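> What would the 3D arrangement of this be:
(one chain, ligands or ions: 1)
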Amino acid sequence: MFSSITLRQLKNSPISTLKHTRNFASTMEGFKELNVTMPKPFVYKVELNRPKKLNALNRAIWFEIGKCFDILATKDDCRSIVLTGAGKIFSAGIDLPDMIALGGKLAEHEDVARKCKILEQTLKDYQDHFTALERCPKPVIAAVHSACIGGALDLILAADIRMCSSDAWFQVKEAEIGMAADMGTLQRLPRAIGNQSLVNELCLTSRKIEPTEAKDCGLVSKVFDTRDSLVAGALEMAEQIASKSPVAVQLTKRTLVHARNNSTQTGLDFIRYWNMAMLQSEDFINAAMAQATKSPPPAFAKL
Ligand SMILES: CC/C=C\C=C\CC(=O)SCCNC(=O)CCNC(=O)[C@H](O)C(C)(C)COP(=O)(O)OP(=O)(O)OC[C@H]1O[C@@H](n2cnc3c(N)ncnc32)[C@H](O)[C@@H]1OP(=O)(O)O
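Numbers count the residues shown, from 1 in each chain. Here you go, the predicted structure:
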């Protein structure tokens, strides 16, 4: 019933299916550059969907990414999310004609302060739209096939788990196009791979990262032989996450994200205050009771 529900399928669905997906249809329609589906119960798939332009990240897709993940953050039928790219490659990074158009907009002004105001607002909007993946309390798994360049690497670094297929390659390409990366790679890559010398090398040389190196350095946690097995593996992991208590999963993600930017003691305070409430949740009581009595895991209510 849940296999890859697209909007077209929804229109032809029997009432029983619609009952389960009404919530989905009412909030997830209207995306033009993303294909948003629910392939399994509680698991969403968000696909970058500009295959003819190699999923280059134009202004429209950038804004849709922010909106999509902010909506999924609030949806109680969403417990985990898989991010993929349609077509030949995952994404060719920033849309280059869009960048040129931005240059045109700047040229309408003579004064440096007016130009800076436009750039500051644009960069802030773009940064916030990618940070939506991190803000979203539902875990995001990025599944990368073929190329993941520049802005696309910024995007997946805001995900919680990264995996790729054996044809994948990654590139911090910004230096090669005359700019310093400004959408998160310089902040998130060091934390993701924990090797500052390697980070510096990759960001300063713009050389490509192949799957074996990506796995060895911790940029991805799994490499699959093919794109199909990659997507299947990502969905399977998302399903596993979705089977757990949403109270536990969402608070675990929040606490892990918080821990990256705070001291151990501040993090311990954070989880202590949260768990003063969450340890009273029925999820904890029911799951712990099932473990203690060797019963099957309970079903958890929506959150
Ligand atoms: C505000 C700043 C915020 C963020 C900044 C981020 C910085 C970056 O993202 S840096 C990286 C920028 N991206 C690139 O430099 C990649 C450019 N593309 C390529 O190098 C190649 O396309 C390729 C990925 C190696 C694939 O090559 P190939 O298989 O030969 O395909 P093509 O024929 O080149 O492309 C097919 C089709 O896609 C269009 N396209 C490809 N990349 C982009 C892009 N980045 N932006 C817009 N469009 C792109 C290309 O023009 C072709 O379109 P046609 O209409 O068929 O001509």
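> use CA for all of it now, contacts and neighbours both
Noted.
> Which helix or which strand is home to Cys148?
strand 147-149 (DSSP states H and E).
> Show me what that strand is packed up against.
Packing contacts for strand 147-149, counted by 3 or more C-alpha pairs under 8 Å, 6 or more residues apart in numbering; DSSP states H and E, involve strand 169-171.
> C-alpha coordinates for the helix or strand that comes right after the strand it packs on, PDB please?
Once strand 169-171 ends, the next helix or strand along the chain (criterion: DSSP H and E) is helix 185-193. Extracted C-alpha coordinates of helix 185-193, given in PDB (Å, rounded to 0.1, in the frame of the first residue of the first chain):
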ATOM      1  CA  THR A 185      31.300  22.300   3.800                       C
ATOM      2  CA  LEU A 186      34.000  24.200   5.600                       C
ATOM      3  CA  GLN A 187      32.100  24.000   8.900                       C
ATOM      4  CA  ARG A 188      30.600  20.500   8.600                       C
ATOM      5  CA  LEU A 189      33.300  18.500   6.700                       C
ATOM      6  CA  PRO A 190      35.900  18.700   9.500                       C
ATOM      7  CA  ARG A 191      33.300  17.400  12.000                       C
ATOM      8  CA  ALA A 192      32.200  14.700   9.600                       C
ATOM      9  CA  ILE A 193      35.600  13.200   8.900                       C
END
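> Tell me if helix 185-193 is near the ligand.
No: remark: helix 185-193 sits outside contact range of the ligand, by C-alpha under 6 Å from any ligand atom, the gap being at least 9.9 Å.
> and the angle from the following helix or strand past that helix to helix 185-193?
Downstream of helix 185-193, the next assigned helix or strand under DSSP H and E is helix 196-205. When axes from the mean of the first three to the mean of the last three C-alpha atoms, to 10 degrees is applied, the directions of helix 196-205 and helix 185-193 differ by 150 degrees.
> After helix 196-205, which helix or strand is next? Please name it.
Criterion used, DSSP H and E; the element after helix 196-205 is helix 211-217.
> That's all I had, so thanks and see you.
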